[in-house]
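Enquirer: let me see the structure of the following:
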Amino acid sequence: MNSFLGLREQEKTAFFIDGANLYKAARNLGFDIDYKSLLSKSQSSCQLVRASYYTAIQEDRDQDYSPLRPLVDWLDYNGYTMVTKITREFTDSMGKKRFKGSTDVELVVDMMLLADRLDHLVLFSGNGDFRRAIEAIQSKGVRVSVVSTVKSSPPMASDELRRQVDSFFDLADLETTIGRRTPQRKSRPEIVPDDDDEFEDDYEDDYEDVD
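Expert: Below is the predicted model of the structure:
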């Protein structure tokens, strides 16, 4: 019988969650992540050293509001280590307000710093840019698993990342275990009309810094 995410009871394990990438993968599959269930099932299956969640947060300067803030606050109070960064606001060539932000560097640095204390590292992201960092971590004798999906349209997990890791778990196969159907969204303050979903669509792993 396969264990949850290949976790082993005696292994020191850490989760590194690329929040934007995982959010979009789950949304493309039509469900949300049940983070409470994810944490409880993991803690009972291994020696979970840390579960870190990385995300850039869009803050509205006028309303001091971010759609992600409720989730970030809940995770922070319920066992997750939060690593956040405020996005940078800029205006594009069409005069439209845009936001850029990425926590990829922070995620990679933290994986490298913690690797020597781990037996197993689980990365929740399909971003192929993490491949080289995973290769370096594997050279330390750490087993690396990735959770993402190739069953969405478009697929969220890069081929080179899947080839590099020791185990790949498709998020679609985990829906009954750590998923909950996406509820109808309640109305919320708008930062810019019609821009909210656009930010969520773009807000993942391919941002460039804006000086």
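
Enquirer: please count neighbours and contacts with C-alpha atoms only from this point.
Expert: Noted.

Enquirer: work out for me the element residue 82 sits within.
Expert: Using DSSP states H and E, residue 82 sits within strand 81-86.

Enquirer: tell me what that strand is packed against?
Expert: strand 47-57, helix 69-77 (3 or more CA pairs under 8 Å, 6 or more residues apart in numbering; DSSP states H and E).

Enquirer: now with 7 Å, please.
Expert: If you count contacts as 3 or more CA pairs under 7 Å, 6 or more residues apart in numbering; DSSP states H and E, strand 81-86 packs onto strand 47-57.

Enquirer: buried sites along the strand it packs on?
Expert: 47, 48, 50, 51, 52, 53, 54, 55, 56, 57 (16 or more other CA atoms under 10 Å).

Enquirer: for this structure, which spans come out with low pLDDT?
Expert: 1-2, 59-67, 89-91, 97-100, 182-211 (pLDDT under 70).

Enquirer: show me where it has helices.
Expert: With helices called from DSSP state H, the chain shows them at 19-29, 35-43, 69-77, 104-114, 131-138, 159-164, 175-178, 196-202.

Enquirer: make TSV from the ones you listed and add distance to residue 4 and mean neighbour count to it.
Expert: Putting the helices of the chain into TSV (distance: least, CA to CA, whole Å; neighbours: other CA atoms under 10 Å) gives the following:
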stretch	distance to residue 4	mean neighbour count
helix 19-29	18	21
helix 35-43	7	16
helix 69-77	21	14
helix 104-114	21	15
helix 131-138	21	17
helix 159-164	18	16
helix 175-178	9	15
helix 196-202	29	13
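
Enquirer: okay, these in CSV with distance to residue 94 next?
Expert: Listed next are those as CSV, based on distance: least, CA to CA, whole Å:
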stretch, distance to residue 94
helix 19-29, 25
helix 35-43, 38
helix 69-77, 29
helix 104-114, 28
helix 131-138, 35
helix 159-164, 35
helix 175-178, 40
helix 196-202, 15
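
Enquirer: and of those, who's closest to residue 95?
Expert: helix 196-202 (15.5 Å; CA to CA).

Enquirer: between the buried residues of strand 47-57, which sits nearest residue 18?
Expert: Closest to residue 18, out of all of those and judged by CA to CA, is residue 54, at 5.3 Å.

Enquirer: what residues are up against that closest one?
Expert: 17, 18, 19, 82, 83, 84, 103, 107 (CA atoms under 7 Å, 6 or more residues apart in numbering).

Enquirer: again with residue 128
Expert: Per CA under 7 Å, 6+ apart, neighbours of residue 128: 158, 160, 161.

Enquirer: residue 87: how many residues sit nearby?
Expert: Counted by other CA atoms under 10 Å, the residues lying close to residue 87 total 20.

Enquirer: distance of the residue nearest to it when sequence neighbours are not counted from residue 56?
Expert: In space, and not counting its chain neighbours, residue 87 is closest to residue 101: 4.5 Å by CA to CA, 6 or more residues apart in numbering. Residue 101 sits 6 Å away from residue 56, taking CA to CA, to the nearest Å as the criterion.

Enquirer: quick check: neighbours shared by those two?
Expert: Common neighbours of residue 101 and residue 56 (CA under 7 Å, 6+ apart) are residue 87.

Enquirer: many thanks, have a good one.
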